[in-house]
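**Student:** Dropping a prediction and its sequence here:
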Amino acid sequence: FRFARQGIQRLNKIILGIIILMGLALRSYNLDFPSIGYHNMKENEYLSMAQEMNRTKDYLTRRIYFYHSFEDNPTMRLYPQPPMVSYQTILAWNVLGENIWGARLVNVIFGLASIVIIYLISSILFESAIAALASSLLLAGMPLAVFFSRNLQPESPAFFFLILGSLFYIKFLKDFKKNWLFFAGVSFSLAWLYKFSFLIGILPLALCIPYKK
């Protein structure tokens, strides 16, 4: 039985790997396509911020030159959250050079990591490998998940940190080890930094607080 269980676990990992590769294929399509069109305007905003931060060495002010091109200080105050996407774009450029595919690749990695997190959460909640693989397959091919995973917007990393925090919190509910609760708080805080509205994902967890214990 032990060898059979190990074989099943190995098969599950292989299937999960295939699902992740499928998710990568969907998200890497036209990864270096120019950032044009209405739905790419947000990309241009974060790209412009990153370029201006590199040019001015000022990493706190959000400048977008194509909105206020004739002003001395073309700042932008539309987003309440810090420009985390611009920061990760700068890090990607330092490693891969200034290009658009490298910046998008960071969000793709967040999207692929979310597939793994969904698998782990489903494994705990349903105690079924089939349900866990089905959940990861749905996320891998979900059109909105694919779109936001490859675009330079905060949704992909915010979603990753939201479900990562949920995973840590579920682990805390199982054994009440405080380190899981700490990691959950850090993950939720990062999701909040990327996009404030993603904190709504914490509300369902309020129904899982072990009041009696």
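**Tutor:** Yep, that arrived.
**Student:** Tell me the confidence at the residue most central in space within the chain?
**Tutor:** By Cα atoms, centre = their mean, the chain has its centre lying nearest to residue 157, at 2.2 Å. pLDDT recorded at residue 157 is 95.
**Student:** What of the one 4 residues further on?
**Tutor:** In this prediction, residue 161 carries a pLDDT score of 96.
**Student:** which residues of this structure fall in helices?
**Tutor:** 2-27, 41-56, 84-96, 100-126, 129-141, 143-150, 155-175, 178-194 (DSSP state H).
**Student:** In the shortest one, which residues are buried?
**Tutor:** Of the residues in helix 143-150, those buried by neighbour count under the rule 16 or more other Cβ atoms under 10 Å are 145-150. In this view, the C-beta of every residue, glycine as well, is placed from N, C-alpha and C.
**Student:** The second one now?
**Tutor:** Within helix 41-56, the residues scored as buried using 16+ other Cβ under 10 Å are 42-54.
**Student:** thinking again about what came up before, next up, the contacts around the residue nearest to the centre of the chain.
**Tutor:** Residues in contact with residue 157 (Cβ atoms under 8 Å, 6 or more residues apart in numbering) are 84-85, 88, 106-107, 110, 190, 194.
**Student:** Same check on residue 132?
**Tutor:** 12, 118-120, 122-123, 126.
**Student:** wait, residue 48 sits on residue 54?
**Tutor:** No: with contacts counted by Cβ atoms under 8 Å, residue 48 stays clear of residue 54, the gap being 10.8 Å.
**Student:** In stretch 17-37, which of the residues would be classed as buried?
**Tutor:** Quick answer for stretch 17-37 (16+ other Cβ under 10 Å): 19-20, 23-24, 26-27, 35.
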